[in-house]
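Asker: Structure for the following, please:
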Amino acid sequence: MQVFNNGVKHFDCLENPQNISAIPASTRGNVLKAMVNLSKFLGVYSDYQKRLKNSGIKWLSTDDAFNSFLRITNNNHSSLGEWYKAMQNILRDNEKLLLKYTLVTGIRKNEAIKSFNLMIDLAKEDKLDTYYNSELGILEHYKQKDKDGDFEFLRATKKLYISIVSKALIDEIVQSNKVSYSAIRKRISRAKHNIRIKELRSYFATYLRTHGILTEYIDLLQGRIPKSVFARHYLKVEDVKELVGQVLAVTDNLDKTLQS
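Answerer: Numbers count the residues shown, from 1 in each chain. Next up is the predicted model:
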């Protein structure tokens, strides 16, 4: 409703995107979102993108230090283990396996489901080696394309490059059944639990960092390429197998540790 109201109230910003700069910073992002959605609806999104760029209009970042502080302090990892343990009695075997996969890779929920099901499909076609590099122990997300030739995991704003996963877990997944988020959500909701799958991602990052894995490597595994000069020009994975070994040594018991 807010997007609709902003679209109506600030309709002039569609023809004159430079007017967005005059809107207070607190609401500018919502107005820009409304204009983008409206331009897509009218089929003029590509043209609107160009006019935004020419007008110097950019998305405002609300990720300031205070919001970061709130996210850190609100990460209630102390109770996440109890939730994860409860899921073992609520979800089906393949769904519990998905949770484990999400936990030990730290990838986003939708990416985990897509990857999980893709592995099963590729294994049935005897093409799993086009995705899982068993020699290195790495899932190569960046290579995967859909039937239209578009990259499956390299989206405009959210990307996923690689995941370090043990062969044992891969074998479990490909022998399992495909998963559906709607089925998982219904099962968890019926059991009157909150859906906390997204929190597994932050738990993974925190756990790896406290166990000695460089932040830059964690960022890479979670689909972020840091903008720092160090990360872009000096950070090199000289021995990929050594990195794989370090990460697997940390994540090997992560599932059991969270339940303990």
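Asker: Got the domain ranges for the protein?
Answerer: According to automatic domain parsing, the chain comprises the domains 2-55, 72-259.
Asker: TSV for the ones you listed, including mean pLDDT?
Answerer: Shown next, in TSV, are those (pLDDT from 0 to 100):
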stretch	mean pLDDT
domain 2-55	73
domain 72-259	90
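Asker: now the ones you listed in JSON lines, with mean neighbour count?
Answerer: The C-beta positions use only the backbone N, C-alpha and C, and glycine is treated the same way. What follows is the domains of the chain, written out as JSON lines (neighbours: other C-beta atoms under 10 Å):
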{"stretch": "domain 2-55", "mean neighbour count": "15"}
{"stretch": "domain 72-259", "mean neighbour count": "16"}
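Asker: so what's the residue most central in space within the chain up against?
Answerer: Geometric centre of the chain, nearest residue: Arg108, 2.8 Å, by C-alpha atoms, centre = their mean. Contacts of Arg108 were listed using C-beta atoms under 8 Å, 6 or more residues apart in numbering, and they are 158, 160, 198, 201, 223.
Asker: didn't the first one look like it was pressed against Arg224?
Answerer: If I follow you right, that is Lys158. No - look at Lys158 against Arg224 with C-beta atoms under 8 Å: they stay out of range, at 9.5 Å.
Asker: Of the contacts of Arg108, which is the nearest to Asp255?
Answerer: Arg201 (14.8 Å; C-beta to C-beta).
Asker: element containing that closest one?
Answerer: If you go by DSSP states H and E, Arg201 is part of helix 199-210.
Asker: Render the CA-only coordinates of whichever helix or strand comes after that helix in PDB, please.
Answerer: Proceeding N to C from helix 199-210, the next assigned helix or strand is helix 215-221, under DSSP H and E. The C-alpha coordinates for helix 215-221 follow below in PDB (Å, rounded to 0.1, in the frame of the first residue of the first chain):
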ATOM      1  CA  THR A 215      36.400 -12.000   7.300                       C
ATOM      2  CA  GLU A 216      37.300 -11.600   3.600                       C
ATOM      3  CA  TYR A 217      37.000 -15.300   3.100                       C
ATOM      4  CA  ILE A 218      33.600 -15.400   4.900                       C
ATOM      5  CA  ASP A 219      32.400 -12.600   2.700                       C
ATOM      6  CA  LEU A 220      33.500 -14.500  -0.400                       C
ATOM      7  CA  LEU A 221      31.600 -17.600   0.700                       C
END
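Asker: For the residue nearest to Leu99 when sequence neighbours are not counted, give me its contacts.
Answerer: The shortest distance from Leu99 to any non-neighbouring residue, by C-beta to C-beta, 6 or more residues apart in numbering, is to Met87 (6.0 Å). For Met87, the contact set (C-beta under 8 Å, 6+ apart) comprises 96, 99, 188, 193.
Asker: and the longest helix along the chain, what other elements does it pack with?
Answerer: Looking across the chain with DSSP state H, the single longest helix is helix 25-42. Helices and strands touching helix 25-42, by 3 or more C-beta pairs under 8 Å, 6 or more residues apart in numbering; DSSP states H and E, are helix 2-9, helix 12-15, helix 45-55.
Asker: Secondary structure element holding Lys85?
Answerer: Residue-wise, Lys85 maps onto helix 77-87 under DSSP H and E.
Asker: just checking, next helix/strand downstream of that helix?
Answerer: Next element after helix 77-87 (DSSP H and E): helix 93-105.
Asker: what angle sits between that next one and helix 77-87?
Answerer: Between helix 93-105 and helix 77-87, the angle comes out at 160 degrees (axes from the mean of the first three to the mean of the last three C-alpha atoms, to 10 degrees).
Asker: Restrict helix 93-105 to CA atoms and write it as CSV.
Answerer: Taking C-alpha atoms only, helix 93-105 is exported to CSV below (Å, rounded to 0.1, in the frame of the first residue of the first chain):
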residue,chain,number,x,y,z
ASP,A,93,14.5,-35.8,6.7
ASN,A,94,15.1,-33.9,3.5
GLU,A,95,14.0,-30.6,5.1
LYS,A,96,16.3,-31.2,8.1
LEU,A,97,19.1,-31.8,5.6
LEU,A,98,18.4,-28.5,3.9
LEU,A,99,18.7,-26.7,7.3
LYS,A,100,22.1,-28.4,7.8
TYR,A,101,23.2,-27.4,4.3
THR,A,102,22.1,-23.8,4.9
LEU,A,103,23.9,-23.8,8.2
VAL,A,104,27.3,-25.1,7.1
THR,A,105,27.4,-22.9,3.9
